[in-house]
Structures are given as structure tokens and as C-alpha cells.
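Asks: Pasted the sequence and its predicted model underneath.
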Amino acid sequence: MNASKLEIFQFPCRQDNYGVILHDGDSGITISIDAPEFEAVDDVLESRNLKLTHILTTHHHMDHVEANEALKSKYGCRIIGPADEADKIPGIDKSHGHGDSFEIGGHRIEVIGAPGHTLGQVNYYFADQGVVFCADALFALGCGRIFEGTPEMMFTALNRLAALPNDTLVYAGHEYTLANAKFALSVDPENAELVERAKEIELLRDNGKPTLPTTIDLEKRTNPFLRASDAKIRALLAMDDAADVEVFTEIRARKDRF
């Protein structure tokens, strides 16, 4: 039997975070991807008369776990998080690591290890829905700042995500796309599709509209952090003969200074 279609509600919270709620009307499950802010998450649940059953935590940073315990106290939800950060996730009930999979309400969820931003970050891929929740690993036109891991870790994580089907919808944890677009143009200025996308992003943000979700295919064509093998980017960086991970490392370093 095919799994039913999940309703997905994306909403802004905090300064530039996105919250995401998933709901399956058949099974009654309601999942929050991370818990950035109690009021914002609770408002979505209350307005749609939904009872939160699960929180899928991606990593331990406060702007992704702050509301874990408050939401658990109100709804009695189950909290699932990264195995390598289990001791840092408030209210955690179950942990999983890279390569694991589990089911909620008949939906199989694959765990993709995405260290770099933090040492234990994980992403959640719903293959039956064609969606992945990348938190602070892959952004629209960007990737997470490397706080705890290494460029090699982040490069591996991004390659794992890039290997997903091209039509996979990508939900990220922050609305950073306008700033990311400006940087992307600095290292990939001859990419006509990127130039056009940057204009569309500026229009969306001028009108207060989100730039997410994106797709794996669109990111592979326009996100410089997934394009370390591109000849024009390599030439601009004077790194024609460098390994892909070295090119990625240089792009990340430039973004940090941008």
C-alpha cells in the first residue's frame, strides 16, 4: 500500500529560521522538523487543530531545539534526534545515525549524516514523499558554516545530498538565500541560470515571500558549494588542477569572508 501524501506547512520563526510541520490525515501523525520557537510552532498546530506526535531534531544548536521540552510538555510528543549529539538534545527519546531508517505513520524516513556545521548533524529524507529536510547543511545557494567539523566532512555531507533524486524537494532551516545568491555570483558570475535565479530571489524577498523549498537539481545547477568540479569556477579561483574538496574548501573560506 502506498503511503498517503503528507501536508507540509513551512513558516518563518525567530529572526531567519524556518519551521516545518508535516501532517498525515490518514494516520494522524504530525511531525515538527526541529523546534526553533514554541509560539511559532504552537500557533501552526493550534490554527490547524493538530496534535504534535513527533519532533525530528537535526542538530543541537539552540535555534533548532529551544522548544523541544515545551512542546513535549504540552503535546506529549516523541523526540528523535542525532545519535552523535543525543546528550545535547533536550527531551530526546530515540536517536539515529547515518544510514539508519525508521517509520512514522507508515512513512519510511532515511537518516543522512551531515556533519560539518556540527559534528553530529543529521538530515531526514522521506523517499515516499520526495522531500529532504537539510537544516543547516544544504541551503538554497549555500551550505552551513563549519563550526565543529571539517570542510571534508561538509563536502561529504553535501555529496550525499546531491546524490538524491534530482526532483527531491529541499527544505532548509534558514532564509539565507538572498545573501547566498550575492556570494554565489562572485564565484560563478558566468552561470546564466544563476544570474536569472538571483533576480527571481530578489523579487521574492522584496515581496516577503520564501525562497524555499528548492530542489536538488536546481542546487546542482546553481549552488557553488555543489559545483566544485565546474571548470569556470575553478578557473576563477585559479584552482584548475585542485581536488574537488580543495575547491570546496576555498569556496567556503571565501563565503566566510564575504
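Replies: Looks like it came in fine.
Asks: Going by C-alpha atoms from here, please, whenever you check contacts or count neighbours.
Replies: Fine.
Asks: Please save the CA atoms from the helix or strand where Tyr171 lies in CSV.
Replies: Element membership for Tyr171 (DSSP states H and E) is strand 169-172. What follows is strand 169-172, C-alpha atoms only, in CSV (Å, rounded to 0.1, in the frame of the first residue of the first chain):
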residue,chain,number,x,y,z
LEU,A,169,12.3,19.0,-2.6
VAL,A,170,14.8,20.5,-0.3
TYR,A,171,13.7,22.3,2.9
ALA,A,172,16.4,24.1,4.8
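Asks: where does the residue nearest to Lys255 when sequence neighbours are not counted fall, helix, sheet strand or coil?
Replies: The shortest distance from Lys255 to any non-neighbouring residue, by CA to CA, 6 or more residues apart in numbering, is to Phe183 (6.7 Å). Phe183 falls in the helix class when you classify it by DSSP: H, G, I helix; E, B strand; the rest coil.
Asks: I'd say Phe183 and Ala253 touch.
Replies: No. Phe183 lies out of contact with Ala253 (CA atoms under 8 Å); the separation is 11.6 Å.
Asks: higher neighbour count, these two?
Replies: Phe183 (19 against 14; other CA atoms under 10 Å).
Asks: Any idea which residue is closest to the centre of this structure?
Replies: Residue closest to the average C-alpha location in the chain (CA atoms, centre = their mean): Cys134, at 2.0 Å.
Asks: what about that residue, helix or strand, and which?
Replies: For Cys134, the host element (DSSP H and E) is strand 131-135.
Asks: Can you list the strands that that strand pairs with?
Replies: Take DSSP bridges as the rule and strand 131-135 pairs in its sheet with strand 122-126 (antiparallel), strand 169-172 (parallel).
Asks: any idea how far Asp188 is from the nearest residue to Lys94 once chain neighbours are set aside?
Replies: Excluding its sequence neighbours, the residue lying closest to Lys94 (CA to CA, 6+ apart) is Ile80, at 4.9 Å. As defined by CA to CA, to the nearest Å, Ile80 lies at a distance of 38 Å from Asp188.
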